[in-house]
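In: here you go, sequence then predicted model.
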2 protein chains.
Amino acid sequence: MHFAVLIFASVATMTAFALDNGLMRTPPMGWLAWERFRCDIDCTNDPKNCISENLFIDMADRLYEDGWKELGYVYVNIDDCWSSMDRDKDGRLQADPKRFPGGINKLARYMHDRGLKLGIYGDMGTHTCGGYPGTTVDKIEIDAQTFADWEVDMLKFDGCYSNAVEQELGYPLMSKALNATGRPIAYSCSWPAYQGGLPPKVNYTQLGQICNLWRNYGDIQDSWGSVLSIADWFFENQDVLAPAAGPGRWNDPDMLVIGDFGLSMDQSRSQMALWAIMAAPLFMSNDLRTISSGARSILQNKMIISINQDPLGIQGRRILKEKSGIEVFWRPLSNNASALVFFSRRTDMPYRYETSLSKLNYTTGSYKVTDVYTDQIDVLKDSTEFVVSVNPTGVVMWYVSAPGKLQYHQIIRGDKLRRHKYDAKQNNFL
Amino acid sequence: MHFAVLIFASVATMTAFALDNGLMRTPPMGWLAWERFRCDIDCTNDPKNCISENLFIDMADRLYEDGWKELGYVYVNIDDCWSSMDRDKDGRLQADPKRFPGGINKLARYMHDRGLKLGIYGDMGTHTCGGYPGTTVDKIEIDAQTFADWEVDMLKFDGCYSNAVEQELGYPLMSKALNATGRPIAYSCSWPAYQGGLPPKVNYTQLGQICNLWRNYGDIQDSWGSVLSIADWFFENQDVLAPAAGPGRWNDPDMLVIGDFGLSMDQSRSQMALWAIMAAPLFMSNDLRTISSGARSILQNKMIISINQDPLGIQGRRILKEKSGIEVFWRPLSNNASALVFFSRRTDMPYRYETSLSKLNYTTGSYKVTDVYTDQIDVLKDSTEFVVSVNPTGVVMWYVSAPGKLQYHQIIRGDKLRRHKYDAKQNNFL
């Protein structure tokens, strides 16, 4: 099948499958409060870090002024613990009046005035995970309308304090209710994470129809062990998960903890690289007011962001697990390009991994490889044996494209240059 | 008992117990090749990193030129994989001729010319852990003499390929043999690590008599999990281990991996703080040619080094384990001072830990507390409630001393100001 036909088939498929709001054709990017600021509501003793409108205004200012917005980080997302403990007299959710004196609508306008978007958090159940009012089935329509009235741009819908039957009912209903408001509100579903993340309990075809993104697995913590266990789960289950992803519908391995306390610089580069390979949402949860220049440069790496945001929206895969602890990941990109990540699970010293592009299933030809962290460029034949030195718990990440002078030739050759024939409808390999 | 009497008793005890070479009255400091460079002998493809005289000369140059030596980092220590696979015609160990063309003696002189010291590695057994010639009982005298002839300053004596009976014989014999050479050679014994690190298999009284330091536990790796598991073991067994330590005789929780690939900045500050509390040897195993400024500033922190090097040589202890994941460590220091470390095992966000010095068993009075990482100084009464914000997997570390104006008063009060009465002979609390 010709490549262009595949693309066409792909777009047609997405239109049919994805949540009918036209949003998130590439993975969403922004900032989310939870991992870094949790349910800190002690504004008396911890005013700079408590969950309050000031925190979100601070982060919006940083996104707007420090170059994040231009790179695509536009969502400013509230998580749990934002609301009052009681609904108002009309049964509507309301923000805590002391911590959000201007209300959510004022925050949304603050974001929109700066070209940013506001996300909010709800919970399909009697209570949120933090014990705040949840959204039972009878409250779904009124809560969706409240969020729309507030001009909110995204909803993360958690699943504490509900059972499988209630979730089966509630998650699709919220999707309908959000669409019915007429406001495009991106919809993040925690549903699969509560059902183990795998079929038959989880129906990824349905999720792609009702949600723009979904949390498949447990919450990330600020530790390398947590990042690695999440990445491992996603790549071990890639045959199930990768086909579910595409423009408008994304697997969500949870927030980036780069810039926090638990990752080394190499581990930070690894999270960024693996999340880009996974076509994962890039929600940072860190303190943008105090982030180190090292962490910032990783999160603001333009080439990795462009890989993450590739318009084909194909989720990449692990293609090799070596006994040495080296693993290789691969993601097909538009313009006949691809991304490669060499990752080391070792904890001793940099490992000199020797391979060639043909061993990584690249077809005959010459390739331009750009190291996305060092900007070093090489031209390699598929047969060229090369060595990459991979740091412990670190990565080497390459953007692999056709060398300029060969481009015409490559277009003519069509799918020969692609590593695998790819069925976009299935988002899977033939 | 009066404080001065305790000190006197302490010194008398050490003279009787410790290895009779007068060395390492404070924990040794320097650089050791193993964790970072392992058994990389591929000088053809990896000339800058292979175990060769060039590597040790490079590190010596860095110690000498980059301010390390002045801070006390004077040992440059070879580990495994330095030797030829065969002894010479006279049965002596010899360095690999290709990788150490000048021989070990030349390296020793290179160190001595710069005020540094050279350490070497041997193994009580038929082979080293890396498969190079070991030192069986019949070779102990000749190897000790060879090291002395080479003007080596320290021997790390590993224990691969020997059994408990051979170790029981060999480790004391090597101690005698080193002393018999007449050259002061510090002696690091891996013996207890091979016997589980605890009595009754391990006799710490004997170790203090024959070794200057000893590895109690498994090898460190370049990961926070490894650092934490080692710290946990040492503090869980502190009642056994702390009394064994003192001037000339040190427990060794293994190398500092600060500046490598696996620790965040907070985790690096934690390793440095906990190793200082433990009165641990400070052997860095990193690449001093490329170390980041952040890692360097932690390793070169003068106040922490002075805590580690306190002349009393009392190994500190964990004094509190809170359900919140906060732990408090304490080490008594000379001049009626002490060190406190607040450590967080959490992986979420900075934790605001509220306590007072009296809750940490400090006696009535005022104290000057200096944050060793921020240089912030406060004066606290024992009863003052304070909050320390401890980062996930991070520490806050304080040097606690008497405020200047109170010093005379405190000296008069003598042991009242000390947290516990301390029996220096037993290096244990009464």
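Out: Yes, it's here.
In: got the contact list for the residue of the stretch 1-150 of chain A at minimum distance from chain B?
Out: Chain B sits closest to A:R38 of the stretch 1-150 of chain A, with a gap of 5.5 Å, by Cβ to the nearest Cβ. For every residue, glycine as well, the C-beta is placed using N, CA and C. A:R38 sits next to A:81, B:348-349 when contact means Cβ atoms under 8 Å, 6 or more residues apart in numbering or on different chains.
In: and the pLDDT at it?
Out: Note on A:R38: pLDDT of 98.
In: likewise A:D20?
Out: 73.
In: kindly indicate whether it is helix, strand or coil.
Out: coil (DSSP: H, G, I helix; E, B strand; the rest coil).
In: how near is it to A:A144?
Out: 15 Å (Cβ to Cβ, to the nearest Å).
In: more neighbours, the two?
Out: Higher neighbour count among A:D20 and A:A144: A:A144, with 27 against 15, using other Cβ atoms under 10 Å in any protein chain shown.
In: and the more buried one, how far is that from A:T126?
Out: 18 Å.
In: for A:E70, same thing?
Out: Going from A:E70 to A:T126 by Cβ to Cβ gives 42 Å.
In: what do you get for A:N216?
Out: 24 Å.
In: pLDDT below threshold where in the stretch 301-430 of chain A?
Out: A:404-430 (pLDDT under 70).
In: can you give me the helices for it?
Out: A:302-308, A:407-413 (DSSP state H, counting those that start in this stretch).
In: sorry, back to before: okay, the contacts of A:R38 in a markdown table with distance to A:E166 and neighbour count next?
Out: Output for these, formatted as a markdown table (distance: Cβ to Cβ, whole Å; neighbours: other Cβ atoms under 10 Å in any protein chain shown):
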| residue | distance to A:E166 | neighbour count |
| --- | --- | --- |
| A:C81 | 22 | 22 |
| B:D348 | 28 | 22 |
| B:M349 | 31 | 23 |
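In: got TSV for these, with distance to B:F283 too?
Out: Converted to TSV, those look like this (distance: Cβ to Cβ, whole Å):
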residue	distance to B:F283
A:C81	46
B:D348	33
B:M349	33
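In: got the domain boundaries for chain A?
Out: Listed domain ranges for chain A are A:29-309, A:317-401 (source: the TED database).
In: and A:L178, that's in a strand?
Out: No - A:L178 is assigned helix when assessed by three-state DSSP, not a strand.
In: and it, how far is that from B:V137?
Out: 79 Å.
In: tell me the buried residues in stretch A:226-245?
Out: Within stretch A:226-245, the residues that count as buried by 16 or more other Cβ atoms under 10 Å in any protein chain shown are A:226-228, A:230-231, A:233-235, A:237-238, A:240-245.
In: and these near chain B, which?
Out: Here is what survives when those are matched to chain B using Cβ under 8 Å from any Cβ of the partner chain: A:S226.
In: so of the buried residues of stretch A:226-245, which ones are in strands?
Out: Among those, no member falls in strands (criterion: DSSP state E).
In: so which of the buried residues of stretch A:226-245 comes closest to chain B?
Out: The closest of the buried residues of stretch A:226-245, once distances to chain B are taken by Cβ to the nearest Cβ, is A:S226, at 6.7 Å.
In: ok, now which ones touch the residue nearest to that closest one when sequence neighbours are not counted?
Out: In this structure, A:S226 finds its nearest non-sequential neighbour in A:I220, 5.4 Å apart by Cβ to Cβ, 6 or more residues apart in numbering or on different chains. By Cβ under 8 Å, 6+ apart, the residues touching A:I220 are A:35, A:226-227, A:230, A:253-255, A:257.
In: kindly report the same for A:I298.
Out: A:258, A:265, A:268-269, A:272, A:304 are the contacts of A:I298 under Cβ under 8 Å, 6+ apart.
In: pLDDT score assigned to it?
Out: The model's pLDDT for A:I298 equals 98.
In: so it sits in a helix?
Out: Yes - counting by three-state DSSP, A:I298 is found in a helix.
In: state the distance from it to chain B.
Out: 13 Å (Cβ to the nearest Cβ, to the nearest Å).
In: ok, now A:D222?
Out: For A:D222 relative to chain B (Cβ to the nearest Cβ), the value is 5 Å.
In: which strand or helix spans that residue?
Out: Counting by DSSP states H and E, no helix or strand carries A:D222.
In: okay, now it: neighbour count?
Out: So A:D222, with other Cβ under 10 Å, has 25 neighbours.
In: check contacts around it.
Out: A:35-36, A:257, A:260-263, B:347-349, B:392-393 are the contacts of A:D222 under Cβ under 8 Å, 6+ apart.
In: turn these into JSON lines, including distance to A:L333.
Out: Conversion of the contacts of A:D222 to JSON lines gives the following (distance: Cβ to Cβ, whole Å):
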{"residue": "A:E35", "distance to A:L333": "28"}
{"residue": "A:R36", "distance to A:L333": "31"}
{"residue": "A:V257", "distance to A:L333": "25"}
{"residue": "A:D260", "distance to A:L333": "29"}
{"residue": "A:F261", "distance to A:L333": "33"}
{"residue": "A:G262", "distance to A:L333": "30"}
{"residue": "A:L263", "distance to A:L333": "26"}
{"residue": "B:T347", "distance to A:L333": "33"}
{"residue": "B:D348", "distance to A:L333": "35"}
{"residue": "B:M349", "distance to A:L333": "36"}
{"residue": "B:P392", "distance to A:L333": "35"}
{"residue": "B:T393", "distance to A:L333": "36"}
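In: out of the residues you listed, which end up buried?
Out: A:35-36, A:257, A:260-263, B:347-349, B:392-393.
In: and of those residues, the nearest to B:Q206?
Out: Distance ranking of these against B:Q206, using Cβ to Cβ, places B:T393 first at 36.5 Å.
In: not including adjacent chain positions, what is the nearest residue to the closest one?
Out: Excluding the flanking residues, the one nearest B:T393 by Cβ to Cβ, 6+ apart is B:Q267, at 5.1 Å.
In: what's the helix or strand containing the one you found packed up against?
Out: For B:Q267, the host element (DSSP H and E) is helix B:265-277. Applying 3 or more Cβ pairs under 8 Å, 6 or more residues apart in numbering or on different chains; DSSP states H and E, one finds that helix B:265-277 makes contact with helix B:224-236, helix B:293-299, helix B:302-308, strand B:326-332, strand B:338-344, strand B:395-401.
In: if you set the cut-off to 10 Å instead, what comes out?
Out: helix B:224-236, strand B:282-284, helix B:293-299, helix B:302-308, strand B:317-321, strand B:326-332, strand B:338-344, strand B:395-401 (3 or more Cβ pairs under 10 Å, 6 or more residues apart in numbering or on different chains; DSSP states H and E).
In: centre of the chain to it, how far?
Out: 12 Å (Cα atoms, centre = their mean, to the nearest Å).
In: over to stretch A:231-243?
Out: On Cα atoms, centre = their mean, the centre of stretch A:231-243 falls 14 Å from the chain's centre.
In: now it - C-alpha only, PDB.
Out: As requested, the backbone C-alpha atoms of stretch A:231-243 are provided in PDB (Å, rounded to 0.1, in the frame of the first residue of the first chain):
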ATOM      1  CA  ALA A 231       7.900   2.900  31.300                       C
ATOM      2  CA  ASP A 232       8.300  -0.800  31.800                       C
ATOM      3  CA  TRP A 233       4.600  -1.400  32.000                       C
ATOM      4  CA  PHE A 234       3.800   0.600  28.900                       C
ATOM      5  CA  PHE A 235       6.500  -1.100  26.800                       C
ATOM      6  CA  GLU A 236       5.700  -4.500  28.100                       C
ATOM      7  CA  ASN A 237       2.100  -3.900  27.000                       C
ATOM      8  CA  GLN A 238       2.900  -2.000  23.800                       C
ATOM      9  CA  ASP A 239       1.100  -4.500  21.600                       C
ATOM     10  CA  VAL A 240      -2.200  -3.600  23.300                       C
ATOM     11  CA  LEU A 241      -1.500   0.100  23.900                       C
ATOM     12  CA  ALA A 242       0.200   1.400  20.800                       C
ATOM     13  CA  PRO A 243      -2.700   0.700  18.500                       C
END
